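Novice: structural data only, the sequence is not supplied:
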């Protein structure tokens, strides 16, 4: 879903789509990082705390929302200047920034 959102953002902004594996790799790394934060905490709640699946899922979602939002916000704020740039070299960095920002 996030990749489709990134491609849609390129279409909406009129940016040319060039298939660069680095974009997908970077985007997937950030998504996996967020998922790992939630899943490892869920597993710890199940194994150590002994919570039920529903309770562990609810608490993991509540407690790990802030770290996931922080990683998302850092990626978006850090790539914003590249997404709006028009200078020399922006042809390579701008699409990457747009995809990562839109997919977050």
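Specialist: That came in fine, so what should we check first? It should be emphasised that the depicted structure is a prediction, and the values quoted were computed from it without experimental measurement.
Novice: so for the top helix by length along the chain, mean pLDDT?
Specialist: Scanning the chain for the longest helix, with DSSP state H as the assignment, gives helix 21-44. Across helix 21-44, the average pLDDT comes to 79.
Novice: what's in contact with the next helix or strand after it?
Specialist: Downstream of helix 21-44, the next assigned helix or strand under DSSP states H and E is helix 53-63. By C-beta atoms under 8 Å, 6 or more residues apart in numbering, the residues outside helix 53-63 that reach it are 38-39, 41-42, 45-46, 49, 51. For the C-beta atoms, the positions are set from N, CA and C on the backbone; glycine is no exception.
Novice: quickly note the distance from the closest residue to residue 39 other than its chain neighbours to residue 69.
Specialist: Closest residue to residue 39 apart from its sequence neighbours, by C-beta to C-beta, 6 or more residues apart in numbering: residue 60 at 7.7 Å. Taking C-beta to C-beta, to the nearest Å as the measure, residue 60 falls 14 Å from residue 69.
Novice: higher neighbour count, the two?
Specialist: Each of residue 60 and residue 69 has its neighbours counted (other C-beta atoms under 10 Å); residue 60 has more, 21 against 12.
Novice: so what does the helix or strand where residue 72 lies touch, helix or strand wise?
Specialist: Counting by DSSP H and E, the element that carries residue 72 is helix 65-84. Packing partners of helix 65-84 (3 or more C-beta pairs under 8 Å, 6 or more residues apart in numbering; DSSP states H and E): helix 21-44, helix 90-103.
Novice: just those helices: most buried one?
Specialist: Most buried of those, by mean neighbour count (mean count of other C-beta atoms under 10 Å): helix 90-103, with a mean of 20.
Novice: tell me how far that helix lies from the chain's centre.
Specialist: Put simply, helix 90-103 sits 13 Å off its chain's centre (C-alpha atoms, centre = their mean, to the nearest Å).
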